[in-house]
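K.L.:
Dropping a prediction and its sequence here:
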Amino acid sequence: MIRRAGIALAITLFGLMFAGLVLHHVERRTLPPLGKRYVELVPQELGAANVVTGILLTYRGFDTLGEVAVLFMVAAGVGLVLDKRGRRNEGQRRGTRSPPRQASEIVRTGAQILLPLLAIFAAYIIMHGHLSAGGGFQGGAVLASGLVLSLFADPQQRLDQRFLSRTESAAGVLFVLVGVAGLLFAGGFLDSRVLPLGQFGAFFSAGSIPVLSVLLGIKVGCELSVIIDRFRT
Amino acid sequence: MLELIGSLVILVGAAFNFSAGLGMLRMPDAYTRMQAGTKASTLGNALVLMGIACLHPEWTLKLLLVIYFVLMTNPISSHALARAAYRSQVPMTPQATVDALRDAREQSRGEA
């Protein structure tokens, strides 16, 4: 009875919340001043068709670097916590655990078909970050989801953690180096105009934004892969 | 005209997706919930995407790719979930009368 009343109360509160959102929502006809400035500046100064990526990788490039650093710390923290626990319980577990099963044929075949698709999709998202919605973070997440699928299909496979962490570090170092190049040869840290802007909307355009996007994609993909791998027992 | 057809197809798809949600809430055990969630939502999503293709014919190829992806992933993932549930002996609803997989296993064991 009390539980039901609680549920009813929760639903009513949610209803009120969403009603407030819906009733007070006013559609903006114009952009706020800052947004307007960005929308004008990004295609003009940076030559990027996707304004969001232009902001993320150039004007707010330093923030993006910080976000990647946060992700790196998450990976390190997960490694620290899970590694210890795994080591302690390993002796007890080994005796009771039944031999690992193979994934079913449907999953294995499905993974064979889907993995190339996922890889292409991830590469597309990463490389077209300056042209359409997407970019390094999103593409890296898709990459890591492909890894989850391949782990489902073959739970026995071992990931080369060292290779992953080295690739990730290399991508991070290159990212910072491109940033420093911006400091030396253009307007400031992570300024994307160190490379020629090219023709607006073309695949090779928008200065170093695609390069940064690819590095970010590799870095995020590797980091998430390491995190996922740590969660396996 | 095409717009009307597209809207109707989207509506039918939404109805299927709604029935999937209803099934998730109302079905008695994991397996029947899985069945409701998979079948109805696969068809529902495909119909919604086809409806969008009617409204925006220029997106048809991309939408077909998305439909292909849904058709590939949705059944496989629910197959994996159902298999994991069966293997870890998640109980069936008491109303269930047939366990064809168990029967087939016992039969093959009897023959061997």
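P.N.:
That came through, no problem. Numbering: from 1, shown residues only, chains lettered A, B, ... in the order given.
K.L.:
C-alpha from now on. contacts and neighbour counts both.
P.N.:
Noted.
K.L.:
Show the pLDDT at A:Leu197.
P.N.:
The model reports A:Leu197 with a pLDDT of 69.
K.L.:
Now do the contacts for the residue lying closest to A:Leu164 once chain neighbours are set aside.
P.N.:
Among residues not flanking A:Leu164 along the chain, A:Cys222 sits closest, at 5.6 Å (C-alpha to C-alpha, 6 or more residues apart in numbering or on different chains). A:Cys222 is in contact with A:Gly140, A:Ala144, A:Leu164, A:Ser165, A:Thr167, A:Glu168, counting by C-alpha atoms under 8 Å, 6 or more residues apart in numbering or on different chains.
K.L.:
Same check on A:Gly187?
P.N.:
Applying C-alpha under 8 Å, 6+ apart, we find A:Gly187 in contact with A:Arg193.
K.L.:
and chain A, which of its residues are near chain B?
P.N.:
Residues of chain A lying close to chain B by C-alpha under 8 Å from any C-alpha of the partner chain are A:Ser104, A:Ile106, A:Val107, A:Gly110, A:Leu114.
K.L.:
Take those residues and write them to TSV, including neighbour count, pLDDT and secondary structure.
P.N.:
TSV is the format used below for the residues of chain A next to chain B (neighbours: other C-alpha atoms under 10 Å in any protein chain shown; pLDDT from 0 to 100; DSSP: H, G, I helix; E, B strand; the rest coil):
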residue	neighbour count	pLDDT	secondary structure
A:Ser104	15	82	coil
A:Ile106	15	86	helix
A:Val107	21	85	helix
A:Gly110	19	85	helix
A:Leu114	18	87	helix
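K.L.:
what would those look like in TSV with distance to A:Val178?
P.N.:
Output for the residues of chain A next to chain B, formatted as TSV (distance: C-alpha to C-alpha, whole Å):
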residue	distance to A:Val178
A:Ser104	45
A:Ile106	44
A:Val107	41
A:Gly110	39
A:Leu114	34
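K.L.:
And the residues you listed, which is closest to A:Leu23?
P.N.:
For the residues of chain A next to chain B, the minimum distance to A:Leu23 (C-alpha to C-alpha) is 43.2 Å, reached by A:Leu114.
K.L.:
in whichever helix in chain B runs longest, what's buried?
P.N.:
Using DSSP state H to define each element, chain B has its longest helix at helix B:60-87. By neighbour count on 16 or more other C-alpha atoms under 10 Å in any protein chain shown, the buried set for helix B:60-87 is B:60, B:63, B:67, B:70, B:72-73, B:75-80, B:82.
K.L.:
By mean pLDDT, flag the weakest helix or strand of the chain.
P.N.:
In the absence of a named chain, this looks at chain A. helix A:61-96 (a mean of 71; mean pLDDT, DSSP states H and E).
K.L.:
cool, and chain B?
P.N.:
Using mean pLDDT, DSSP H and E, the weakest-scoring helix or strand in chain B turns out to be helix B:100-111, at a mean of 80.
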